[in-house]
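Engineer: can't give you the sequence, but here's the structure:
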């Protein structure tokens, strides 16, 4: 309130016609109700913060955790902007929620963001993404990350990925390091159990190895679901607890899907964590540890050579392939082991251990196929073994997208698909005869005429050709194996269907 009292709105600042400061909900800070001139100062600061550095006034309000009536004011400002037709020049009225609003207020925009996108209001959905970026909380950035990886939200995916790169750069992190640090906890804590309160009855939330929530009542009985409220329960508390429980179930389902995919990418990219990062980001995370316990992990030296494999036990200790206690040293590098680096005897040993402990892997690791180029292909730059396959044109793009390939559209046709392997520093290119993007069912059956690798991470808008192809013997073996397995699965699926 003192900071606002010292500020005065610029004479050049004229609020939009749809803003009548007297008609906006009041803002009360530390018991002090802002005057009309002070509201104008706040509006001016919010508008300037969207396009430039954060004014000192807003920094003070954010750092002091001022919320309450400020959230109501921001929601009212946003509602009036929408009622006025959401003029793009005044998009700051939406972005102001990210600048000064609470995390809960910003996350409440998510359903609207999806609705705007489905209604063709793409620019407005982008404003919503920008609002999440301005908020910058782990949960808000986590939502941007989900959208950046969603095939269902392809119209927003590219912009979300751009925002993730910007946020990572601002924090001096890589995109992968950023995602490691924004993994949601869904309200769970490794230090303190989550309790749902019905009044006289309390229920402690437990999470199974499969990331399914259960509850334990006052008598110690574990239930698969929260019971309905009874006549002796506090109706208000019970209603709140039931809503929280339903939300938690949805969040855990989403958590398992997104984090499993992220850990699978880490395995494919052969990306690792220092011993300290592994302990802080995975072992001590209240949920991520459940996924880690179902995977074969490896200790690597500074040259990224696999030294030995291990798993996390139910007691959070380290056990090797012979089920003996082991330990991680401070200088160790930890990775999720790709099966390419395990011999069949090692894989069989680990499969038996996982079967003995009834561990179900969140994605194919020990069951994952591994392929190598033929002796002839080792001396080549292109893979042509799939040139005679016949795949329905309508099926090719969807199969490739499902397996992390991007489509490149040229003059209305998809002639090639791209897949990045960031740690290997290469992009795989798979070329076909061409699928008419607007009506794939009108195109002839397709084959992968040739597949090759080029240096760097190329995008669908980039130009490249087979003249840039790398010798297959020089391509990182996991990247090569993943591509061969993808295309072999594609060929087998549609050869079997004939």
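Structural biologist: Received it, and whenever you're ready, just let me know what you need. Not measured: the values here are computed from a predicted model.
Engineer: which secondary structure elements does the longest strand seen in the chain contact?
Structural biologist: In the chain, with assignment by DSSP state E, the single longest strand is strand 426-436. For strand 426-436, the elements it packs on are helix 396-402, strand 413-421, strand 450-455, helix 477-497, judged by 3 or more Cβ pairs under 8 Å, 6 or more residues apart in numbering; DSSP states H and E. To be clear about C-beta, it is placed using only N, CA and C from the backbone, and glycine gets the same treatment.
Engineer: can you list the ones you listed in a markdown table and add distance to residue 261 and mean pLDDT?
Structural biologist: Below are the helices and strands packed on strand 426-436 laid out as a markdown table (distance: least, Cβ to Cβ, whole Å; pLDDT from 0 to 100):
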| stretch | distance to residue 261 | mean pLDDT |
| --- | --- | --- |
| helix 396-402 | 12 | 90 |
| strand 413-421 | 15 | 93 |
| strand 450-455 | 23 | 95 |
| helix 477-497 | 14 | 88 |
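Engineer: between the ones you listed, which one is nearest to residue 333?
Structural biologist: helix 477-497 (16.1 Å; Cβ to Cβ).
Engineer: Counting by contacts, list what the closest one packs against.
Structural biologist: Looks like helix 477-497 contacts helix 235-268, helix 396-402, strand 413-421, strand 426-436, strand 450-455 (3+ Cβ pairs under 8 Å, 6+ apart).
Engineer: How about residues contacting the third one?
Structural biologist: Residues outside strand 413-421 that contact it (Cβ atoms under 8 Å, 6 or more residues apart in numbering): 268-269, 396-397, 400, 403-408, 427-437, 457-460, 476, 478-479, 482-483, 486.
Engineer: Per-residue pLDDT of the residue nearest to residue 488 when sequence neighbours are not counted, please?
Structural biologist: Using Cβ to Cβ, 6 or more residues apart in numbering and skipping residues adjacent in sequence, the residue nearest residue 488 is residue 371, 6.6 Å away. Note on residue 371: pLDDT of 95.
Engineer: check contacts around residue 371.
Structural biologist: With Cβ under 8 Å, 6+ apart, residue 371 has these contacts: 480-481, 484-485, 488.
Engineer: Now list the buried members of those residues.
Structural biologist: 480-481, 484-485 (16 or more other Cβ atoms under 10 Å).
Engineer: sorry, back to before: need the helices and strands packed on strand 426-436 in CSV with distance to residue 220, can you?
Structural biologist: Listed next are the helices and strands packed on strand 426-436 as CSV, based on distance: least, Cβ to Cβ, whole Å:
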stretch, distance to residue 220
helix 396-402, 44
strand 413-421, 50
strand 450-455, 57
helix 477-497, 47
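Engineer: thinking again about what came up before, switch the helices and strands packed on helix 477-497 over to TSV; also include distance to residue 16.
Structural biologist: Shown next, in TSV, are the helices and strands packed on helix 477-497 (distance: least, Cβ to Cβ, whole Å):
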stretch	distance to residue 16
helix 235-268	36
helix 396-402	42
strand 413-421	43
strand 426-436	46
strand 450-455	50
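Engineer: Please identify which of the ones you listed is closest to residue 358.
Structural biologist: Closest to residue 358 of the helices and strands packed on helix 477-497, according to Cβ to Cβ: helix 235-268, at 17.5 Å.
Engineer: and the closest one, how far out from the chain's middle?
Structural biologist: Taking Cα atoms, centre = their mean, to the nearest Å, one finds helix 235-268 lying 13 Å from the centre of the chain it belongs to.
Engineer: No further questions, thank you.
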